[in-house]
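1. Sequence unavailable; structure follows:
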């Protein structure tokens, strides 16, 4: 796996960026910025430390799919670490097999650093070669959407 990093400066407090990014006060703020990945992106579960969370959407045929993940670290408005350990195939959790093994141990981390009301969000994620270009092209667009709504 390879690690990618993306940064975005947002003219808002770390608390506001964090709440907007995770959809803590309004889930639609999470869905707005993650629509860059899939127009139906959402999550099911909790952002609490140690919790299971699903990152889901539906495909062009209306079938639900996504990632089965765990929140392994959560320091509000500072840092979140997500460990992806499986896939959803419809309503079925798939946590073993070749597809899962390629991503085993993969993390997605969000860090928030505020300086005089300007917050730098740093996203680090582990990915496999076949998704490298997808994330390089899509993540900057997603963070632009996050910036747009967090600065309102």
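-> Done, it's in. On a predicted model such as this, the values are computed, not experimentally measured, just so you know. Residues are numbered from 1 along each chain as shown.
2. OK, contacts around residue 6?
-> Each residue near residue 6 by CB atoms under 8 Å, 6 or more residues apart in numbering is listed here: 122-123, 139-140, 143. For glycine as for every other residue, the C-beta is placed from the backbone atoms N, C-alpha and C.
3. Serialize those to TSV and add fields for distance to residue 86.
-> Below are the contacts of residue 6 laid out as TSV (distance: CB to CB, whole Å):
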residue	distance to residue 86
122	26
123	21
139	22
140	27
143	26
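4. Can you tell me which of these is nearest residue 82?
-> Among the contacts of residue 6, residue 123 lies closest to residue 82 (CB to CB), at 10.5 Å.
5. Let me see the contact set for the closest one.
-> 5-7, 108-110, 139, 143.
6. what do you get if the cut-off is 7 Å, keeping everything else the same?
-> By CB atoms under 7 Å, 6 or more residues apart in numbering, the contact list for residue 123 reads 5-6, 110, 139.
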